[in-house]
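Novice: sequence unknown, structure follows:
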């Protein structure tokens, strides 16, 4: 065979190999399809609008029938195979975020909320447009007791994803806890308009806003025992009600808890039983007005509230009427009628504060419209109240919450302490401790808890928080006393008493270990005699 023929055959062989490689690469590329996945699901994790999908899964992905984990798995495989693709950097960010998500889930499961806060910050740095960062930090803030800070981060998440499935209901619940439901009500109304009243997210938001299902050791005691199914809750609660003497004041407290738990039918039964045993009273009329307001029977609600005021002019009734008039103002068609109702509402809220200076919710409602202008608007709104009620601690609580919302911790602590100078109340001590913890002011926390007199007379949640502070500072004797008081108090919810007992057992173990170590050290010392 001539040299020329060998060269020709070799060239043909090389061409065949090259053609085979080209065919393999072409088929290799064809097994991936870039699919547009823009929608509500992907916006919650801020995924790219286009992701690589194996061809056999493309149809169902276009119908949004896939999971986040699947999307990340495809992206990871695609990046490994297509190292020079133009979207590789964007996909790399998704993979790094996924690792942070995994760590967040682990830390949340272990209750390491400070680590969750740090990971949320890291996630925000990786992708400032990912609402999950705000959700993670909001959840951490909430678990650490910083409710205004939680609201701030939840709002950041909702600004990026208006109906985020986690941020939406959790912000509602947090607003309810802090006594600022109006800050979420606007978002809920928007959800009703855009998603409809039967959408699961709308229903969940409504539940979280004012109707959380809880079980109480005693229906008049706000200590939460557990979250259980509604049917079991109703059965247990009604059994407890039957065991209690329902005088009018007791009936009012229990009926309010019924409304908070989305059970107006039980509130009706409480009213009926109270009036059967004691006759119609200012308390039963007030509760009837609250039930009517809950059901949006506004005219009937106003009638009952005014009749209650005729019998007894209380801060609670004035506050209920103020809330009702504010509701009517929001539904008024003409500007003049709306203005008149708003002025009447503010007047009733002022009268409520006159009669009960401890009504934080009344102060919160007075300044609530100013939240639209941010911190500055709130501070301007409270100035007239400071002058009108110079000795009212609730104003300083609202101011402190406003500063906490903007993460101005020092000013928040200063505001809470101003209120504490007027009255040593749990509603100031708890948020002040939360602000100090977030600001890492550990010594100030210890000083504050040691300044609380007659701790056993305070709310169980504050006593639990005080015990935690003592444990963190290794003040074991003081921690033991606070925990033992919780365990011995039959009025504290059983779940909290059980947790206190568990911590006491841990302290016993620590003290036994310390005793053993001290005994070993004594044995090692030479006998000086």
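Specialist: Alright, I've got the coordinates. Small disclaimer: the values here were computed from a predicted structure and weren't measured.

Novice: quick one: contacts for the residue nearest to the spatial centre of the chain?
Specialist: The C-alpha lying nearest the average C-alpha coordinate of the chain belongs to residue 174 (CA atoms, centre = their mean; 3.7 Å). By CB atoms under 8 Å, 6 or more residues apart in numbering, the contact list for residue 174 reads 138, 142, 147, 150-151, 154. All C-beta atoms are positioned from the backbone trio N, CA, C, and that covers glycine.

Novice: Check the gap between it and residue 413 for me.
Specialist: Distance, residue 174 to residue 413, using CB to CB, to the nearest Å: 20 Å.

Novice: and if you look at residue 140?
Specialist: Taking CB to CB, one finds residue 140 at 19 Å from residue 413.

Novice: neighbour-wise, which of these two wins?
Specialist: Counted by other CB atoms under 10 Å, residue 140 and residue 413 do not tie: residue 140 has more neighbours, with 27 against 24.

Novice: Report pLDDT for the more buried one.
Specialist: Looking at residue 140, its pLDDT stands at 87.

Novice: Name the residues of the helix ranked longest in the chain that are buried.
Specialist: Criterion DSSP state H: the longest helix present in the chain is helix 494-524. Within helix 494-524, the residues scored as buried using 16 or more other CB atoms under 10 Å are 496-497, 499-500, 503-504, 507.

Novice: by contact count, what packs against that helix?
Specialist: Contact analysis of helix 494-524 by 3 or more CB pairs under 8 Å, 6 or more residues apart in numbering; DSSP states H and E lists strand 224-226, helix 460-472, helix 476-488 as its packing neighbours.

Novice: I'd like these written out as JSON lines, with distance to residue 52 added.
Specialist: As requested, the helices and strands packed on helix 494-524 are exported to JSON lines (distance: least, CB to CB, whole Å):
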{"stretch": "strand 224-226", "distance to residue 52": "45"}
{"stretch": "helix 460-472", "distance to residue 52": "48"}
{"stretch": "helix 476-488", "distance to residue 52": "55"}
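
Novice: Going by mean pLDDT, which of the ones you listed comes out lowest?
Specialist: strand 224-226 (a mean of 33).

Novice: close enough to count as contact, residue 138 and residue 158?
Specialist: No. Contact criterion CB atoms under 8 Å: residue 138 and residue 158 do not qualify, at 9.8 Å.

Novice: Comparing these two, which residue is more hemmed in?
Specialist: Comparing residue 138 with residue 158 by neighbour count (other CB under 10 Å), the higher total belongs to residue 138, at 29 against 21.

Novice: How far off centre is the host helix or strand of the more buried one?
Specialist: Counting by DSSP states H and E, the element that carries residue 138 is helix 131-143. Offset of helix 131-143 from its chain centre (CA atoms, centre = their mean, to the nearest Å): 9 Å.

Novice: for that helix, packing partners?
Specialist: Using 3+ CB pairs under 8 Å, 6+ apart: helix 131-143 touches helix 88-110, helix 113-126, helix 147-160, helix 167-178.

Novice: For the longest one, what is the distance to the chain centroid?
Specialist: Going back to what we said before, that points to helix 88-110. Worked out by CA atoms, centre = their mean, helix 88-110 lies 22 Å from the chain centre.

Novice: before we move on, what about the last one?
Specialist: Mean-position distance between helix 167-178 and its chain equals 5 Å (CA atoms, centre = their mean).

Novice: can you check the third one too?
Specialist: The chain centroid and the centroid of helix 147-160 are separated by 10 Å under CA atoms, centre = their mean.

Novice: what packs against it?
Specialist: Under the contact definition 3+ CB pairs under 8 Å, 6+ apart, helix 147-160 sits against helix 131-143, helix 167-178, helix 393-405, helix 426-438.

Novice: Would you mind getting the angle between that helix and helix 113-126?
Specialist: 30 degrees (axes from the mean of the first three to the mean of the last three CA atoms, to 10 degrees).

Novice: Check the first one too.
Specialist: For helix 88-110 against helix 113-126, the angle between stretch directions is 170 degrees (the same axes, to 10 degrees).

Novice: now for helix 88-110, which elements pack on it?
Specialist: Helices and strands touching helix 88-110, by 3+ CB pairs under 8 Å, 6+ apart, are helix 68-81, helix 113-126, helix 131-143.

Novice: Most tightly packed of the ones you listed?
Specialist: helix 131-143 (a mean of 25; mean count of other CB atoms under 10 Å).

Novice: quick check: angle from that helix to helix 113-126?
Specialist: Using the same axes, to 10 degrees: helix 131-143 against helix 113-126 is 160 degrees.

Novice: Show me what helix 131-143 is in contact with.
Specialist: For helix 131-143, using CB under 8 Å, 6+ apart, the contacting residues are 43-46, 97, 101, 104, 108, 111, 113-114, 116-117, 119-121, 123-124, 127, 147, 149-158, 160-161, 164, 166-167, 170-171, 174, 438.

Novice: By mean pLDDT, flag the weakest helix or strand of this protein.
Specialist: strand 215-216 (a mean of 30; mean pLDDT, DSSP states H and E).

Novice: Once you drop chain neighbours, what's closest to the residue nearest to the centre of the chain?
Specialist: residue 150 (5.0 Å; CB to CB, 6 or more residues apart in numbering).

Novice: contacting residues around the one you found?
Specialist: Residue 150 neighbours (CB under 8 Å, 6+ apart): 138-139, 141-142, 170-171, 174.

Novice: ditto for residue 512
Specialist: Listed by CB under 8 Å, 6+ apart, residue 512 has no contact partners.

Novice: got a pLDDT number for it?
Specialist: On the pLDDT scale, residue 512 is placed at 77.

Novice: so where's the stretch 301-450 of the chain shaky on pLDDT?
Specialist: Counting by pLDDT under 70, the stretch 301-450 of the chain shows no low-confidence range.

Novice: What's the local residue count around the residue nearest to residue 281 when sequence neighbours are not counted?
Specialist: Of all residues not flanking residue 281 in the chain, residue 248 sits nearest, at 4.2 Å (CB to CB, 6+ apart). A count of neighbours around residue 248, defined by other CB under 10 Å, yields 20.

Novice: how close does residue 248 sit to residue 283?
Specialist: 4 Å.

Novice: Spit out the residues that contact those two alike.
Specialist: residue 274.

Novice: For the stretch 51-200 of the chain, which residues score under the pLDDT cut-off?
Specialist: Residues of the stretch 51-200 of the chain meeting the criterion pLDDT under 70: 63-65, 83-84, 86-88, 176-193, 195-200.

Novice: picking that back up, can you tell me which of the contacts of residue 174 lies nearest to residue 381?
Specialist: Nearest to residue 381 among those: residue 151, at 17.5 Å, using CB to CB.

Novice: Check the burial of the closest one by counting its neighbours.
Specialist: If you count neighbours by other CB under 10 Å, residue 151 ends up with 25.

Novice: Nearest spatial neighbour of it, chain-adjacent residues omitted?
Specialist: residue 174 (5.5 Å).

Novice: And residue 122, by the same measure?
Specialist: Leaving aside its chain neighbours, residue 122 sits nearest to residue 100 (5.9 Å; criterion: CB to CB, 6+ apart).

Novice: residue boundaries of the helices in the stretch 301-450 of the chain?
Specialist: For the stretch 301-450 of the chain, the helices defined by DSSP state H, counting those that start in this stretch cover 315-331, 335-355, 360-367, 374-388, 393-405, 409-422, 426-438, 442-450.
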